[in-house]
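**Student:** pasting the structure only:
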């Protein structure tokens, strides 16, 4: 714990420039496993579930529900751990 | 047509006419199995009993009638995980739910939606109807009226939910909602041709065009077996 934080970025959904944050499925402080569902974003009538890029603890939600995020944008931060 | 590579074999699960609830459960279960790698890509086709579904952008304020009216008309309401707002499904509408792994199809949500739209446009062409895409408004449109809607959910890169094409749907039911929060007028192939088109013919056309757009060969699966799959 206390290692360098990892940014959770919007994955490349293929030619999608912007998405809207629908809802967070985890809260700041939650322990998460790699691949676990973190949040839902929506674009082009598609809901996409963003998975956790690593195992650890979600320390910061960078975007609020309803906010728009551009391709590659930072969604939150997690602290790697076991 | 001469294709140098083998087309992907995709199972078609024909449910015929079915209630929305059990079909949603089946979709969710098959989705989990597809994610786990236990099964391959498949497409469910179905004609639902009357139902309104609210996607992630949909609010009950997009429903213009009271719960008494819904009860009287026998229309159920479900809140679901797909993208988009409120949608109607009912008899006379052909619904297709592709459960496919987008990692094996270019990893592009946008391309997937565009291919579904292209499939519908080709189906309409077979019936002499010119459909078009409308940038920023997913679905297929004919002279500003909506003939097909699209709403997708992607988790672990595997899709569920899909498209709904109005073949000969009940206009009175469509009038009870305001899709996308906009006054969108729905239209059926029947209205555009002023002649009836059998559902079965449209379904065959949809499978043929979907196969051609996605480069798939369909093989029919027994819904009973799929329903029992573990």
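**Tutor:** Cool, the structure landed. What you are looking at is a predicted structure, and each value in this text was computed from that prediction instead of being measured.
**Student:** need the helices for chain B, in chain order.
**Tutor:** According to DSSP state H, chain B carries its helices in the segments B:20-36, B:67-73, B:109-126, B:171-174, B:189-193, B:199-214, B:223-228.
**Student:** Low-confidence ranges, chain A, go.
**Tutor:** A:1-3 (pLDDT under 70).
**Student:** What residues does it have near chain B?
**Tutor:** Counting by Cβ under 8 Å from any Cβ of the partner chain, the positions of chain A adjacent to chain B are A:12-16, A:22-23, A:35, A:37, A:40, A:42-49, A:51. Bear in mind the C-beta positions are built from the backbone N, C-alpha and C, glycine included.
**Student:** Give me the buried entries from those.
**Tutor:** A:13, A:16, A:22, A:40, A:42-49, A:51 (16 or more other Cβ atoms under 10 Å in any protein chain shown).
**Student:** Among those residues, which are located in strands?
**Tutor:** A:22, A:40, A:42, A:43, A:46, A:47, A:48, A:49, A:51 (DSSP state E).
**Student:** If the fifth one is in a bridge, with which residues?
**Tutor:** To tie it back to what came earlier, the one meant is residue A:46. residue A:43, residue B:152 (DSSP bridges).
**Student:** was I right about it contacting residue B:108?
**Tutor:** No. With contact defined as Cβ atoms under 8 Å, residue A:46 does not count as touching residue B:108 (10.6 Å).
**Student:** Per-residue pLDDT of residue B:230, please?
**Tutor:** Looking at residue B:230, its pLDDT is 43.
**Student:** can you check residue B:182 too?
**Tutor:** 67.
**Student:** which residues in chain A form helices?
**Tutor:** Counting by DSSP H, chain A contains no helices.
**Student:** Relative to chain B, which residue of it is the closest?
**Tutor:** As assessed by Cβ to the nearest Cβ, chain B sits closest to residue A:14 within chain A, at 2.5 Å.
**Student:** any idea how far residue B:206 is from whatever residue of chain B ends up closest to chain A?
**Tutor:** Closest to chain A within chain B is residue B:108: 2.5 Å, counting by Cβ to the nearest Cβ. Distance, residue B:108 to residue B:206, using Cβ to Cβ, to the nearest Å: 22 Å.
**Student:** So which of these two has more stuff around it?
**Tutor:** Counted by other Cβ atoms under 10 Å in any protein chain shown, residue B:108 and residue B:206 do not tie: residue B:206 has more neighbours, with 22 against 16.
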